[in-house]
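In: Coordinates for the following, if possible.
(chains A and B)
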Amino acid sequence: RKEVEQDPGPFNVPEGATVAFNCTYSNSASQSFFWYRQDCRKEPKLLMSVYSSGNEDGRFTAQLNRASQYISLLIRDSKLSDSATYLCVVNQYSSASKIIFGSGTRLSIRP
Amino acid sequence: SQTIHQWPATLVQPVGSPLSLECTVEGTSNPNLYWYRQAAGRGLQLLFYSVGIGQISSEVPQNLSASRPQDRQFILSSKKLLLSDSGFYLCAWGSNTGELFFGEGSRLTVL
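Out: Numbering: from 1, shown residues only, chains lettered A, B, ... in the order given. So this is what the prediction gives:
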């Protein structure tokens, strides 16, 4: 079983739609969680951290469910500029800061 | 502020040739450093991470090696490249909150 699993997509949705991604992780000792965004042929960049109580940043909402070992990302009112690959990231502090990426979910927003 | 530099940006190498990719970080001390590889259309695979000088953890058996001769320098090497070594190599440093900051990447094509 992969340490971090994501639906690879692609998700192809119209502008203005709401889209949600899920990610599961296998190590229950994982300490911190993030969503990164990667544009084509570029390095990944942090989109947002994921906190236990859930957190929101504008149109983006992240949730963490430790009991079920999954995290989610919700994008509301999607824009053309949201088209990218979204990477789920898990930091296993218990393993000396071993940081594992999911394989990414591709999102394409159409006009 | 912290910066991370990675080079070369692009290289084309024949099978069996050696490889050296270099990464340096400025503006922070004793950072956790990481090497990831991303094959075309795939996610990021953790290759090596380092929590200090001379301390290297290897995640995947392969013909690559990493070294950390100085606190802010992380080098990825190979004595003999394989076709399967082609990919996008990313160096990153990790903050104490677990967030990763990436270099711009090195795109390697092995022919």
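In: What's opposite residue B:91 in the beta bridge?
Out: Note on residue B:91: beta-bridge partners by DSSP bridges are residue B:35.
In: CA atoms only for the one helix or strand in chain A whose mean pLDDT sits lowest - export them in PDB, please.
Out: Using mean pLDDT, DSSP states H and E, the weakest-scoring helix or strand in chain A turns out to be strand A:98-101, at a mean of 87. What follows is strand A:98-101, C-alpha atoms only, in PDB (Å, rounded to 0.1, in the frame of the first residue of the first chain):
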ATOM      1  CA  LYS A  98      10.300  12.200   6.200                       C
ATOM      2  CA  ILE A  99       8.000  14.100   3.900                       C
ATOM      3  CA  ILE A 100       5.900  12.000   1.500                       C
ATOM      4  CA  PHE A 101       4.000  13.300  -1.500                       C
END
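In: continuing past it, what's the next helix or strand?
Out: The helix or strand immediately downstream of strand A:98-101 is strand A:105-110, counting by DSSP states H and E.
In: Low-confidence ranges, the chain, go.
Out: Reading this off chain A. Applying pLDDT under 70 to chain A flags residues A:93-96.
In: wrong chain, I was asking about chain B
Out: In chain B, residues with pLDDT under 70: B:61.
In: number of nearby residues for residue 4?
Out: Defaulting to chain A. Around residue A:4 there are 23 other residues, counting by other CB atoms under 10 Å in any protein chain shown. Where you see a C-beta, it was placed from the backbone N, CA and C, and this is true even at glycine.
In: sorry, should have said chain B
Out: Other residues near residue B:4 number 24, with proximity taken as other CB under 10 Å.
In: Now do the same contact list for it.
Out: Contact partners of residue B:4, counting by CB atoms under 8 Å, 6 or more residues apart in numbering or on different chains, are B:23-26, B:91-93, B:101-103.
In: Show the subsequent helix or strand relative to the helix or strand hosting it.
Out: Following DSSP H and E, the helix or strand that holds residue B:4 is strand B:3-7. Per DSSP H and E, the first helix or strand lying C-terminal to strand B:3-7 is strand B:10-13.
In: Now do the same contact list for residue 79.
Out: Unless you meant another one, I'm taking chain A. Contacts of residue A:79 by CB under 8 Å, 6+ apart are A:15, A:59, A:109.
In: please go with chain B instead
Out: Neighbour list for residue B:79: B:18, B:63 [criterion: CB under 8 Å, 6+ apart].
In: what pairs with the least confident helix or strand of chain A, and is each one parallel or antiparallel?
Out: Using DSSP bridges, the strands paired with strand A:98-101 are strand A:84-92 (antiparallel).
In: which residues touch residue 109?
Out: No chain in the question, so chain A it is. Residue A:109 neighbours (CB under 8 Å, 6+ apart): A:13-15, A:17, A:78-83.
In: hmm, I had chain B in mind actually
Out: Applying CB under 8 Å, 6+ apart to residue B:109 gives the contacts B:11-13, B:86.
In: Distance-wise, check residue B:92 relative to chain A.
Out: 8 Å (CB to the nearest CB, to the nearest Å).
In: My read is that that residue contacts residue B:101, right?
Out: Yes - counting by CB atoms under 8 Å, residue B:101 is a contact partner of residue B:92 at 6.1 Å.
In: Which residue is the nearest non-sequential neighbour of the closest residue to chain B within chain A?
Out: Residue nearest to chain B within chain A (CB to the nearest CB): residue A:103, separated by 3.2 Å. The shortest distance from residue A:103 to any residue other than its chain neighbours is 3.2 Å, reached at residue B:43 (CB to CB, 6 or more residues apart in numbering or on different chains).
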